[in-house]
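Asks: Predicted model and sequence follow; I will ask about them next.
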Amino acid sequence: MENNNSNGDPSPVPRVAVVVFLLKGRSVLLGRRRSAVGNATFALPGGHLEFGESFEECAAREVKEETGLEIGKSEFLTVTNNVMLEQPKKCHYVTIFMRSVVGVDAEEEQVPQNLEPHKCDGWEWYEWDHLPHPLFGPLERMVKGGFNPFSS
């Protein structure tokens, strides 16, 4: 999505993303991105907020689309303002961070699938105290700032 600046050149506009700290025990679900923004970094499941959608609806939809997992009730954690000028594709995201757990199915444990292999190399559970590197910029800044989704 772009607007034209005063010179008529396209300029990026801020977008809204919803991402999910999907928790299991002391682990969080992360996938390695395949994207012009944050390529090869580990990130939370999530994506663009659609028109008329609540944060909770977006969280459930994105997790389902990307991993096949059904999540339980999600809750708002925080919001960050991310202007990424160093990326090959400059962008500005207002990112809504949610927290949830995998929905409990009495029949069997849900296992994450890689349903968008053109966007992600795969999903794995990582212990919070042993996260992989490199992390996607917005997530890395939160972790380095001491944020902990298990205690917030």
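Replies: Structure received.
Asks: now the helix or strand where Val20 lies, how far from the centre of its chain.
Replies: If you go by DSSP states H and E, Val20 is part of strand 15-24. How far strand 15-24 lies from its chain's middle: 4 Å, per CA atoms, centre = their mean, to the nearest Å.
Asks: pLDDT of that strand, averaged?
Replies: Mean pLDDT, computed over strand 15-24, is 96.
Asks: Next SSE downstream of it?
Replies: Criterion used, DSSP H and E; the element after strand 15-24 is strand 27-33.
Asks: neighbouring contacts of that following strand?
Replies: 21-22, 39-45, 66-67, 69, 112, 114, 119-128, 131-132, 136, 149 (CB atoms under 8 Å, 6 or more residues apart in numbering). Where you see a C-beta, it was placed from the backbone N, CA and C, and this is true even at glycine.
Asks: try 6 Å this time
Replies: Strand 27-33 has contacts (CB atoms under 6 Å, 6 or more residues apart in numbering) with 21-22, 39, 41-43, 120-121, 123, 125-128.
Asks: In the sheet, which strands lie alongside that strand, parallel or antiparallel?
Replies: strand 15-24 (antiparallel), strand 42-43 (antiparallel), strand 120-127 (antiparallel) (DSSP bridges).
Asks: where does the protein have its least confident helix or strand?
Replies: When each helix and strand of the chain is scored by mean pLDDT, DSSP states H and E, strand 2-4 comes last, with a mean of 48.
Asks: Between the strands paired with strand 27-33, which one is closest to Glu140.
Replies: Among the strands paired with strand 27-33, strand 42-43 comes nearest to Glu140, with 9.0 Å by CB to CB.
Asks: CA atoms only for the lengthiest helix in the chain, dumped as PDB, please.
Replies: Ranked by number of residues, the top helix in the chain under DSSP state H is helix 55-67. These are the backbone C-alpha positions of helix 55-67, laid out as PDB (Å, rounded to 0.1, in the frame of the first residue of the first chain):
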ATOM      1  CA  PHE A  55      -7.000  -8.200  17.200                       C
ATOM      2  CA  GLU A  56      -8.200 -11.500  18.500                       C
ATOM      3  CA  GLU A  57      -9.800 -12.500  15.200                       C
ATOM      4  CA  CYS A  58      -6.700 -11.600  13.300                       C
ATOM      5  CA  ALA A  59      -4.500 -13.600  15.700                       C
ATOM      6  CA  ALA A  60      -6.600 -16.700  15.400                       C
ATOM      7  CA  ARG A  61      -6.800 -16.400  11.600                       C
ATOM      8  CA  GLU A  62      -3.100 -15.800  11.000                       C
ATOM      9  CA  VAL A  63      -2.000 -18.600  13.300                       C
ATOM     10  CA  LYS A  64      -4.500 -21.000  11.500                       C
ATOM     11  CA  GLU A  65      -3.400 -19.800   8.000                       C
ATOM     12  CA  GLU A  66       0.400 -20.100   8.800                       C
ATOM     13  CA  THR A  67       0.500 -23.200  11.100                       C
END
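Asks: Cool, thanks, signing off.
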